[in-house]
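Chemist: how would this look folded up:
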Amino acid sequence: MTASHSTSKPIAPLKGVRILTLALNLPGPAAVMRLQAMGAKCTKLEPLAAVGMSTADPMGVYKPAAYAVMHAGLKVVQADLKSERGQAALHKQLVQTDVLITSFRPSALVKLGLAWKELHKRYPALCVVSIVGAPGARAEEAGHDLTYQADSGLVNGLDMPASLYADMGGSLFTTEAVLQALLMRQRPGRAQGKGVFHEVALSEASAYLALPRTWGLTAPNGDVGGAHAGYKVYACKNGRVALAALEPHFAIRLCAAAGLPEQAATQMHKRSTHAAIAQFLATQTRQQLDKLASRQDIPLHTLPR
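Modeler: Model (predicted):
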């Protein structure tokens, strides 16, 4: 018999791993939230908060609810890293840290004595993951999620993106970088037990998430960009429906439900097929479509107007 894991006990692959983060705003804290869920013991060192404020993290200022979710159960210490006292607090933590996460520009890290060469010499086993806006020489450039998404072709017209894809993608890249660093440190050989450095660029995370667009999949003439009649958002009688009947067997069921001839399932790019499906869906309520999806095994999700 094979062993099975109980779903009542969370798996903690990073139990015993100690992570110190200096990263503010969204990518770093979101990554640490995931690392904590994997069992890592995480501590965050924040700048001193202004009088009357509980945190100096911008996220805690403009969206306290999001800050609270990402920092639940996280030990937060405040210190001025530009002061001797703050530096002492930092290095007291680094002595017992496996991975340090930062989100400063390289020039700021140098000023704070946190450049990789200096840290590696002082703490040979310490791994460092540095979150920057853009890679290499562009790491000093000013930027934010919106500019990285724009550079990746994810900003359409004057509409704001639906989510902070560069930041959230960067948080996943950061989590991945921490895992890579820990694995590299364990590999047999001359470097076993030695810390490693990883740079995570938000612009590269955005570019990665934009690959389907780059490949043309989500362009207006792409099958998942609106060209396929079975993969679109339509109006229904009392709301909207996100329809995802892309594969042939789903398209066949959709066309049958809409009362279209069998050959329509092979003509999903025709304007007439688009119009016929739109006309059918416009006569259906959300409740009717939900029942249809369940009964005919058609992938769709209804939405309010």
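Chemist: and stretch 157-167, what's its mean pLDDT?
Modeler: If you average the pLDDT over stretch 157-167, you get 96.
Chemist: what's next to that stretch, contact-wise?
Modeler: The contact list for stretch 157-167 (Cβ atoms under 8 Å, 6 or more residues apart in numbering) reads 25-27, 30, 145-146, 148-149, 152, 154-155, 202-203, 205-206, 209-210. Every C-beta, even on glycine, is put in place using the N, C-alpha and C of the backbone.
Chemist: For the stretch 101-250 of the chain, give me the ranges with low pLDDT.
Modeler: Within the stretch 101-250 of the chain, the stretches with pLDDT under 70 are 190-191.
Chemist: Give me the buried positions along the longest helix belonging to the chain.
Modeler: Of all the elements of type helix in the chain, the one with the most residues (DSSP state H) is helix 165-186. Buried residues in helix 165-186, defined by neighbour count with 16 or more other Cβ atoms under 10 Å: 165-175, 177-179, 181-182, 185.
Chemist: Can I take it that residue 85 is in a helix?
Modeler: Yes: counting by DSSP: H, G, I helix; E, B strand; the rest coil, residue 85 is part of a helix.
Chemist: Contact partners for it?
Modeler: Counting by Cβ under 8 Å, 6+ apart, residue 85 makes contact with residue 79.
Chemist: can you check residue 29 too?
Modeler: Contact analysis of residue 29 by Cβ under 8 Å, 6+ apart lists 21, 23, 44, 57, 59, 67, 70-71, 171.
Chemist: Quick check: mean pLDDT of the helix or strand containing it?
Modeler: Assigned by DSSP states H and E, residue 29 falls within helix 27-37. Across helix 27-37, the average pLDDT comes to 98.
Chemist: Please apply the same query to stretch 53-72.
Modeler: pLDDT averaged over stretch 53-72 gives 95.
Chemist: on that earlier part again, kindly calculate the angle that the helix holding residue 29 makes with helix 165-186.
Modeler: 50 degrees (axes from the mean of the first three to the mean of the last three Cα atoms, to 10 degrees).
Chemist: Report the buried residues of helix 27-37.
Modeler: For helix 27-37, by 16+ other Cβ under 10 Å, it's 27-36.
Chemist: Residue 114 falls within a helix, correct?
Modeler: No: read with three-state DSSP, residue 114 is coil and lies in no helix.
Chemist: tell me the SS of residue 20?
Modeler: strand.
Chemist: Give the full set of residues in contact with the residue lying closest to residue 47 once chain neighbours are set aside.
Modeler: Excluding its sequence neighbours, the residue lying closest to residue 47 (Cβ to Cβ, 6 or more residues apart in numbering) is residue 56, at 4.2 Å. Applying Cβ under 8 Å, 6+ apart to residue 56 gives the contacts 24, 46-50, 78.
Chemist: quick one on the thing from earlier: send me the longest helix of the chain as PDB with only the CA atoms.
Modeler: The C-alpha trace of helix 165-186 is given here as PDB (Å, rounded to 0.1, in the frame of the first residue of the first chain):
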ATOM      1  CA  TYR A 165      -0.200  40.900 -12.600                       C
ATOM      2  CA  ALA A 166       3.400  42.000 -12.500                       C
ATOM      3  CA  ASP A 167       3.400  42.300  -8.700                       C
ATOM      4  CA  MET A 168       1.600  39.000  -8.100                       C
ATOM      5  CA  GLY A 169       3.600  37.200 -10.800                       C
ATOM      6  CA  GLY A 170       6.700  38.700  -9.100                       C
ATOM      7  CA  SER A 171       5.500  37.200  -5.800                       C
ATOM      8  CA  LEU A 172       5.400  33.800  -7.300                       C
ATOM      9  CA  PHE A 173       8.800  34.300  -8.900                       C
ATOM     10  CA  THR A 174      10.100  35.300  -5.500                       C
ATOM     11  CA  THR A 175       8.700  32.200  -3.900                       C
ATOM     12  CA  GLU A 176      10.200  30.100  -6.600                       C
ATOM     13  CA  ALA A 177      13.600  31.800  -6.200                       C
ATOM     14  CA  VAL A 178      13.600  31.100  -2.500                       C
ATOM     15  CA  LEU A 179      13.000  27.400  -3.200                       C
ATOM     16  CA  GLN A 180      15.700  27.300  -5.900                       C
ATOM     17  CA  ALA A 181      18.200  29.000  -3.500                       C
ATOM     18  CA  LEU A 182      17.500  26.500  -0.800                       C
ATOM     19  CA  LEU A 183      17.900  23.600  -3.200                       C
ATOM     20  CA  MET A 184      21.100  25.000  -4.600                       C
ATOM     21  CA  ARG A 185      22.600  25.400  -1.200                       C
ATOM     22  CA  GLN A 186      21.900  21.700  -0.500                       C
END
